[in-house]
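Colleague: Sequence unavailable; structure follows:
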């Protein structure tokens, strides 16, 4: 295992253990909803967002572990959004991460409530951060940042724009704006929450945001590319759904090779921002490359 | 207008104005979800929960207005829960407060997202409380209290128990436990958040909780009674749905007159707790009576 893989594995283990500890116990009448939450939250995603939170905390001089409540909160938001996105009234996707979607496994009502439960728990988990280390002021600020990023002026807003764009002719600017909200906002919040947990400076907060904007957009362009170039076996979810739904994507607007070039440009800009930050090691550089070159 | 009506009107106006100010502007691509949120949040409910928050803040010596972010957060949680409860995969109710339900008006996907949006905004609104007056520590604590009350060990949990009890033989204890979560938890949080906003003592926090437990249960028993005794014109939603869904309720278990007697007992106990508190005027006593005697 190389440096990148080792650090990712270490963070991943800490995140999984913390997530399990924050998920509610199942010793109650309503245990089925707890099971549905655990099914989705522990389905083994890439954990990119919480890794960013922990690493940005560390890069501000904090202990990465102190950021675990913030990191898990971001992952819970991501996880709830996938459950609700997969519902029949939304994207109606039966598979997620190679397994039946939450509503296929537990029924629609339970999936709806499990999503609501994870969204609510995300904020409860923020509040569990150690006030003595992180500071109550930083916790309250983190609540505001996460609510803004996850809300209708952030992730949910992007989902709405996406829904209403289907079958409509849209341009590159529209697509950029949609993705800045739909996926970008939460990635941005992941880095910001890390800076808050590490009691970083306002300058660091600004750089973290700029870095996240670049990798967030690159992340989405790669997503659009994989929908064309990958297979369901590798991705763990159906491919070709964009074409099927007649969706305008970075790939349909730019073509595959220009999309690839754009990802390279964005990654290079992201690394420039890391240069300006002056990070203590190469980890975030390697994460940047990994996100640009990912195959799933 | 008598004392009770005047104070309720005053609070109601403040709450409505604050809610409008916290709801996101509609000058963006995703304005349809903002419209759906506003449609449901401003549909004119009784505003009991935010009134309790403001009044308990006042009873702790705070300015009632300082509790407005907390009060509105509780109302947003209530409002989102109604939107999601009405969805086809849940109770499938077409009418709410005398108007088409959110999903009938805006479609299922938009109603789902509007509910998610209000739930998220609730926490964002908590974070908007004036840290100089209320204190960052109290804000962080309020986030924890509201997340617990609204989550799977609170309101959502009660909803799950309710869903899974349909058509099952259940006893009074089961029903009490379900309602303690489904409606009780959020009413309890309403009073707790008021005490937190007013920087009340731990003793006051405990008394506020006990009071809320009594009126919360009474509130639910009255709900069950109205489903039998009221009309859709008065209630603004269908009646007789409990019988239709073969639901076990306080009325089916106790009968109407014993249910009525239980409401009286609970109200009297609630007033005993107010005696112990030593409230500064009769407002909460009159609220207690109003909730017990309400016709809708």
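Modeller: Right, received. Where do you want to start? If you're wondering where the values come from, they're calculated on a predicted model, not measured in any experiment.
Colleague: Now the terminal residues of stretch A:248-258, how far apart.
Modeller: 15 Å (CA to CA, to the nearest Å).
Colleague: buried residues in it?
Modeller: Using 16 or more other CB atoms under 10 Å in any protein chain shown as the test for burial, stretch A:248-258 gives A:248, A:249, A:250, A:251, A:252, A:254. C-beta here means a position set from N, CA and C on the backbone, and glycine is covered the same way.
Colleague: Touching it from outside, list them.
Modeller: Here stretch A:248-258 makes contact (CB atoms under 8 Å, 6 or more residues apart in numbering or on different chains) with A:165, A:168-172, A:175, A:220-221, A:224-225, A:227-229, A:242, A:259, A:262.
Colleague: roughly how far is that stretch from the heart of the chain?
Modeller: 22 Å (CA atoms, centre = their mean, to the nearest Å).
Colleague: What of stretch A:22-40?
Modeller: 22 Å.
Colleague: That stretch vs chain B: in contact?
Modeller: Yes - using CB under 8 Å from any CB of the partner chain, stretch A:22-40 reaches chain B at A:24, A:28, A:29, A:30, A:32, A:33, A:34, A:37.
Colleague: Reformat these into a markdown table and put neighbour count next to each item.
Modeller: Formatted as a markdown table, these follow (neighbours: other CB atoms under 10 Å in any protein chain shown):
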| residue | neighbour count |
| --- | --- |
| A:24 | 20 |
| A:28 | 16 |
| A:29 | 15 |
| A:30 | 25 |
| A:32 | 18 |
| A:33 | 30 |
| A:34 | 21 |
| A:37 | 31 |
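Colleague: Is it possible to get a markdown table of these that adds secondary structure?
Modeller: Putting the residues of stretch A:22-40 next to chain B into a markdown table (DSSP: H, G, I helix; E, B strand; the rest coil) gives the following:
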| residue | secondary structure |
| --- | --- |
| A:24 | coil |
| A:28 | coil |
| A:29 | coil |
| A:30 | coil |
| A:32 | helix |
| A:33 | helix |
| A:34 | helix |
| A:37 | helix |
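Colleague: Serialize the residues you listed to CSV and add fields for pLDDT.
Modeller: Listed next are the residues of stretch A:22-40 next to chain B as CSV, based on pLDDT from 0 to 100:
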residue, pLDDT
A:24, 95
A:28, 91
A:29, 91
A:30, 93
A:32, 96
A:33, 97
A:34, 97
A:37, 98
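Colleague: Just flag the most distant two among the residues you listed.
Modeller: Spanning the widest gap among those are A:29 and A:37, at 15.4 Å by CB to CB.
Colleague: returning to that earlier point: among the buried residues of stretch A:248-258, which one lies nearest to chain B?
Modeller: residue A:248 (14.2 Å; CB to the nearest CB).
Colleague: so how far is residue B:202 from the closest one?
Modeller: Residue A:248 sits 57 Å away from residue B:202, going by CB to CB, to the nearest Å.
Colleague: cool, residue A:30 as well?
Modeller: 29 Å.
Colleague: Check residue A:176 too.
Modeller: 51 Å.
Colleague: and residue A:114, what helix or strand is that in?
Modeller: Using DSSP states H and E, residue A:114 sits in helix A:108-126.
Colleague: So, low pLDDT: which residues of the stretch 151-296 of chain A?
Modeller: By pLDDT under 70, the stretch 151-296 of chain A contains no weakly predicted segment.
Colleague: Within range of chain B, give me the residues from it.
Modeller: A:151-153, A:156-161, A:163-164, A:174, A:177-178, A:181.
Colleague: can you pull the contacts of the residue nearest the centre of chain A?
Modeller: By CA atoms, centre = their mean, chain A has its centre lying nearest to residue A:49, at 4.7 Å. Counting by CB under 8 Å, 6+ apart, residue A:49 touches A:71, A:74, A:75, A:78, A:186, A:187, A:190.
Colleague: Same check on residue A:141?
Modeller: Residue A:141 neighbours (CB under 8 Å, 6+ apart): A:196, B:127.
Colleague: Am I right that it falls within a strand?
Modeller: No - assessed with three-state DSSP, residue A:141 is helix; it does not lie in a strand.
Colleague: For residue A:95, grab phi and psi.
Modeller: For residue A:95, the backbone dihedrals (degrees, to the nearest 10) come out as phi -120, psi 150.
Colleague: Ok, the one 4 residues further on next?
Modeller: Dihedral angles phi and psi of residue A:99 (degrees, to the nearest 10) take the values phi -130, psi 160.
Colleague: Can you tell me the closest non-neighbouring residue to it?
Modeller: residue A:43 (6.2 Å; CB to CB, 6 or more residues apart in numbering or on different chains).
Colleague: Does that neighbour touch residue A:97 like I think?
Modeller: Yes - the pair residue A:43 / residue A:97 is scored as a contact, 4.7 Å apart, by CB atoms under 8 Å.
Colleague: Which positions in the longest helix along chain A come out as buried?
Modeller: The longest helix of chain A (DSSP state H) is helix A:202-229. Residues A:204-205, A:207-208, A:210-227 are the ones in helix A:202-229 that count as buried (16+ other CB under 10 Å).
Colleague: And stretch A:17-30, by the same measure?
Modeller: A:18, A:19, A:22, A:23, A:24, A:28, A:30.
Colleague: pLDDT score for the fourth one?
Modeller: In this prediction, residue A:23 carries a pLDDT score of 97.
Colleague: Contacts only, for it.
Modeller: A:34, A:37, A:38, A:41, A:42, A:121.
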